[in-house]
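Peer 1: Okay, here's the prediction I keep looking at, along with the sequence it came from:
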Amino acid sequence: MIQTGLIQNAHNDLVTDAIYDFYGLRLATCSLDQRIKVWRLDENTGTWSVEDDWKAHDAPVSKLSWAHPEFGTIIASSSFDRTVKIWEQSIQTAAEQQQSNASGPGPSTSRWVERVALPDARGTVRAVEFAPHQFGLKLATIATDNILRIYECLDQPTLSQWQLAEDIDIANAVPGPSPSHVTRAQTAALATPTQTHSSLDGVPAPLVAQGLQAHLQQSTPVPPSRATLGNREADGGWTLSWCKDRYWGEILATGAGNSGVVKIIQLNARRSNVLLTLDGSPAATGAVTPAVAGHITAAGTDTTLQPGAPSAQQTYSVTSVAWAPSCGRSYHLVATGSRDGHVRIWKLKPPPEDFGEDDMHEDGKWTATIVGDFDQHKSAVGRVEWNITGTVLSSAGNDGRIRLWKANAEGVWKPSGSIGVEQTAEEPASQPENKDVDMEDN
């Protein structure tokens, strides 16, 4: 049983993102109409009412992210105008409220102030997400220029000074010499809220990383399956998600462009490193077939070409990635949604905790296997998200349905149900707006 609700005419154009705050009592939405709206839940009636509404950018707004409440009431927005903006809520004085009511009706006693605009991107900024609060007030963005940018707030009281701490070319980033000899404690020490940049002595870390990356790219051939991909922005996918566990330091899952892969990147003060590359395409090597009844995984897909059929090596961009809260697990779960209609669940295992400097063998590397691969959407998947415990995954696709996935007692991931958006829209007007809906059993 799930409870559904409908917000009629939320925006004047397509809604591009909707995200809850930390407590789940407020909802921020953005749209192609260039506006951001903040909605508040009435817990007594279960209805949502608009609390604030303002024009945020000069182009469609692509994504939103709430900061942790310990930093205040803060929202970051990204846009097709190539900027990222930081907004903070401030309570209006009585005089300001009177002036606001004179210009137009509105129940809100607050207003959102633009604290800073970050114009570094050279393309549409497609994703933005605040880091877990234990790493300080940091922000990750990725744009269609394929650059992952990490910002750090240097003046938290005013939110006016943000420093570009890191920029990484995701499309060309390849796994470098692994810092696997660095212990977990050393890794955490390399990336803390108080030290996120290279040391004053020696060559700056970004220059070292660029040099190593250039050397690796010269010796790494381009896979044939990637050589002929298109570069149309409409076909690409740019997405990111932070690892919620502080145990291993600052790690992100990122996808960029048309490559169809997700890269796991570890940030640190000396040199950021690509730990893993997750490739769900049939042509990928080294994938492990999960025990999921009734579903063929990437590794088990029949690659026999039929007359007129597309190449088995065709790749589809990853449109969404979500890193699950670990909740004490010894491994991590990362979910991806792609334009090929597949929802994939990856199991990531870090190296052993007692791995030391002298143990230079395979056990010192991160490993990944696919434990779930589902194609019930039969169309492009636009979003994947985990619940607060990382035990239930939800996905939304172009088939107009939200689907849930859950592991059984044996650890096998299976469909848990789905609901169609048209089910709510087609209900008679006499029925209550909020109701319990039986989930399908697939």
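Peer 2: Received it, and whenever you're ready, just let me know what you need.
Peer 1: Point out where the stretch 251-400 of the chain drops to low pLDDT.
Peer 2: 283-313, 354-363 (pLDDT under 70).
Peer 1: Do a quick rundown of the strands in it.
Peer 2: Assigned by DSSP state E, counting those that start in this stretch, the strands in the stretch 251-400 of the chain fall at 261-267, 273-279, 318-323, 332-338, 343-349, 367-374, 381-386, 392-397.
Peer 1: Can you tell me the strand partners of the first one and which way each runs?
Peer 2: Put plainly, it is strand 261-267. strand 250-255 (antiparallel), strand 273-279 (antiparallel) (DSSP bridges).
Peer 1: Any chance of the ones you listed in JSON lines with distance to Leu393 as columns?
Peer 2: Where C-beta positions appear, they are placed from N, C-alpha and C, glycine not excepted. As requested, the strands paired with strand 261-267 are exported to JSON lines (distance: least, CB to CB, whole Å):
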{"stretch": "strand 250-255", "distance to Leu393": "14"}
{"stretch": "strand 273-279", "distance to Leu393": "16"}
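Peer 1: ranking these by burial, who's on top?
Peer 2: Mean neighbours per residue, mean count of other CB atoms under 10 Å, is largest over the strands paired with strand 261-267 for strand 250-255, with a mean of 26.
Peer 1: nearest spatial neighbour of Gln156, skipping sequence neighbours?
Peer 2: Once flanking residues are discounted, Gln156 sits nearest to Leu137: 5.7 Å by CB to CB, 6 or more residues apart in numbering.
Peer 1: Quick one: neighbours of that neighbour, just the number.
Peer 2: 23 (other CB atoms under 10 Å).
Peer 1: before we move on, back to that, would a markdown table of the strands of the stretch 251-400 of the chain with distance to Ile142 be doable?
Peer 2: Shown next, in a markdown table, are the strands of the stretch 251-400 of the chain (distance: least, CB to CB, whole Å):
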| stretch | distance to Ile142 |
| --- | --- |
| strand 261-267 | 11 |
| strand 273-279 | 15 |
| strand 318-323 | 11 |
| strand 332-338 | 15 |
| strand 343-349 | 19 |
| strand 367-374 | 21 |
| strand 381-386 | 16 |
| strand 392-397 | 20 |
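Peer 1: quick one: strands adjacent to the helix or strand harbouring Ala117?
Peer 2: Taking DSSP states H and E as the criterion, Ala117 maps to strand 110-118. Strand 110-118 has the following strand partners under DSSP bridges: strand 84-91 (antiparallel).
Peer 1: got the buried residues for the strand it pairs with?
Peer 2: Val84, Lys85, Ile86, Trp87, Glu88, Gln89 (16 or more other CB atoms under 10 Å).
Peer 1: Closest one to Val321 out of the residues you listed, please.
Peer 2: Val84 (18.7 Å; CB to CB).
Peer 1: Leaving out the residues flanking it, which one is nearest to that closest one?
Peer 2: Leu118 (4.3 Å).
Peer 1: so who does His57 touch?
Peer 2: Counting by CB atoms under 8 Å, 6 or more residues apart in numbering, His57 touches Gln34, Ser77, Ser79, Phe80, Asp81, Thr83, Lys85.
Peer 1: doesn't Ser62 make contact with the third one?
Peer 2: Yes: shown here, Ser79 and Ser62 form a contact pair, counting by CB atoms under 8 Å, at 6.0 Å.
Peer 1: list residues touching both of these two?
Peer 2: Shared contacts of Ser79 and Ser62, counting by CB under 8 Å, 6+ apart, come down to Thr124, Val125.
Peer 1: Indicate which one of the strands of the stretch 251-400 of the chain is closest to Thr239.
Peer 2: strand 318-323 (4.8 Å).
Peer 1: Which strands or helices does the closest one pack on?
Peer 2: With contacts taken as 3 or more CB pairs under 8 Å, 6 or more residues apart in numbering; DSSP states H and E, strand 318-323 sits against strand 239-242, strand 250-255, strand 261-267, strand 332-338, strand 381-386.
Peer 1: what angle separates that strand from strand 250-255?
Peer 2: Put simply, strand 318-323 runs at 160 degrees to strand 250-255, going by axes from the mean of the first three to the mean of the last three CA atoms, to 10 degrees.
Peer 1: hang on, the earlier thing: now the helices and strands packed on strand 318-323 in a markdown table, with distance to Gly364?
Peer 2: Formatted as a markdown table, those follow (distance: least, CB to CB, whole Å):
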| stretch | distance to Gly364 |
| --- | --- |
| strand 239-242 | 23 |
| strand 250-255 | 16 |
| strand 261-267 | 13 |
| strand 332-338 | 17 |
| strand 381-386 | 28 |
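Peer 1: For Thr29, which of the ones you listed is the nearest?
Peer 2: It's strand 381-386; of these, that one is closest to Thr29 (CB to CB) at 13.5 Å.
Peer 1: quick one: contacts of that closest one?
Peer 2: In contact with strand 381-386 (CB under 8 Å, 6+ apart) are residues 319-325, 333, 335-339, 341-343, 392-398.
Peer 1: among these, which ones are buried?
Peer 2: Using 16+ other CB under 10 Å, the buried ones in the contacts of strand 381-386 are 319-325, 333, 335-339, 341-343, 393-397.
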